[in-house]
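Trainee: quick one, fold the following:
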Amino acid sequence: MKIRTVTGWITPQQAGITDAHNHIWIEPVPGGAPGSPVLVDQDNISKELMDFHQAGGGTIIDCQPGGCGRNGRVLYQLSKESKVHLISCTGFHLKKYYQPDYWLFDAPVEKAADFFLSELCIGLVETLDTGNTVQAGFIKIACQESLIGSPMNLMEAAVMASMETNSAIEVHTEKGLQGEQIARALLDFGLSPSKLILCHVDKRPDYGFHYELFTAGVTLEYDTFFRSKYHPDEHVWPLLERVVSAGFEGQVVVATDLADSTQWSRLGNGPGLTGLMDLIMPRMAKIGFQTQTIQKLVGGNIASRLVRSTEMAEITNA
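Mentor: From the prediction side, this is the model:
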């Protein structure tokens, strides 16, 4: 059981300190929503990844699926240059980030599942004609504010691909809205709760909501530490303390989600990729979190969700 990065397989131990949800490279999409995030300054992105590595960072999970700005060829180059393990994804984001006629959203369940499986087991479409084929390491999906408005065909397809490969699914939620319903729908499709990670849920700092998902076996991602409009000092930090004190430190993964270039240190004036090590981890220690707890929150938990068998990929490539 290993983790698939853009340059190959690693063990969970090799992952080290891990940012569980970020965006490293986003190309502009013709016809996509105005103001969509763009990250294409390869020189400064590479340098900031090197900063991350020098600060002790090991791995970053890239949550940009194909069709909405992903470029696996560049991710491969950036990983090689920086020595940071990058993990790319298949799946889908919100429809607004794509060209209006993007094929995937109207695809039958089986066709979409086959596409996700191909990217997990053979390679990302944009890397198939290169000498460095990159395989996806997990599945990213995105739900709207209402489950009714979300693409259920693609959600079912993602679960099918997850069950076939034992791949994790990270789910974009709109500030945690309908998180319970989203989780239930995916679990009803057959997804193992150990492979389900709901993202951005700390924007909904209702402990009862989080407790319900924890007891269902779901993993929750907290990532608003650097977003002042969500008042992290008043919401996410007290929530995290309560969750840890209640014994759920094994079901939380921590991320920074810096899709906005202004939050990077070399592209803007933000905490940057090193903020995980420079700001978040020291505050955890100051609060009194044990070293073992911190290691789970910033690496161990997400690594255990990302592991999958190498057998499926080996059989497919053979």
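Trainee: tell me which stretches of this structure form helices.
Mentor: Secondary structure of the chain (DSSP state H): helices at 12-15, 42-54, 72-82, 109-121, 152-165, 179-188, 207-215, 236-245, 275, 281-287, 291-295, 301-306, 311-317.
Trainee: return the distance of the longest one from the chain's centre.
Mentor: Pointing back at helix 152-165 there. Centroid displacement of helix 152-165 relative to its chain, using Cα atoms, centre = their mean, to the nearest Å, is 16 Å.
Trainee: which secondary structure elements does that helix sit against?
Mentor: Helices and strands touching helix 152-165, by 3 or more Cβ pairs under 8 Å, 6 or more residues apart in numbering; DSSP states H and E, are strand 89-91, helix 109-121, strand 138-142, strand 169-172, helix 179-188, helix 311-317. Where you see a C-beta, it was placed from the backbone N, CA and C, and this is true even at glycine.
Trainee: and what of the fourth one?
Mentor: If you count contacts as 3+ Cβ pairs under 8 Å, 6+ apart, helix 109-121 packs onto strand 89-91, helix 152-165, helix 311-317.
Trainee: pick the most buried one from the helices and strands packed on helix 152-165.
Mentor: Neighbour counts (mean count of other Cβ atoms under 10 Å) averaged over each of the helices and strands packed on helix 152-165 peak at strand 89-91, with a mean of 29.
Trainee: so what's the nearest residue to residue 248 once chain neighbours are set aside up against?
Mentor: Distances taken as Cβ to Cβ, 6 or more residues apart in numbering place residue 214 nearest to residue 248, at 4.8 Å, with adjacent residues excluded. Residue 214 makes contact with 220, 243, 248, 251 under the criterion Cβ atoms under 8 Å, 6 or more residues apart in numbering.
Trainee: where are the low-confidence patches of the protein?
Mentor: Applying pLDDT under 70 to the chain picks out residues 312-318.
Trainee: the same query, at a cut-off of 90, please.
Mentor: 1, 130-131, 309-318 (pLDDT under 90).
Trainee: might one say that residue 189 is in contact with residue 153?
Mentor: No - if you go by Cβ atoms under 8 Å, residue 189 and residue 153 don't touch, sitting 11.0 Å apart.
Trainee: give the buried residues for stretch 64-83.
Mentor: Going by neighbour count (16 or more other Cβ atoms under 10 Å), the buried part of stretch 64-83 is 64-79, 81-82.
Trainee: tell me how many other residues surround residue 277.
Mentor: 18 (other Cβ atoms under 10 Å).
Trainee: which residue, other than its chain neighbours, is closest to it?
Mentor: Using Cβ to Cβ, 6+ apart, the nearest residue to residue 277 is residue 55, at 4.5 Å.
Trainee: swap in residue 97?
Mentor: The nearest residue in space to residue 97 (Cβ to Cβ, 6+ apart) is residue 68, at 4.0 Å.
Trainee: ok, that neighbour - contacts?
Mentor: Contacts of residue 68 by Cβ under 8 Å, 6+ apart are 26, 29, 32, 92-93, 97-98.
Trainee: okay then, goodbye and thanks.
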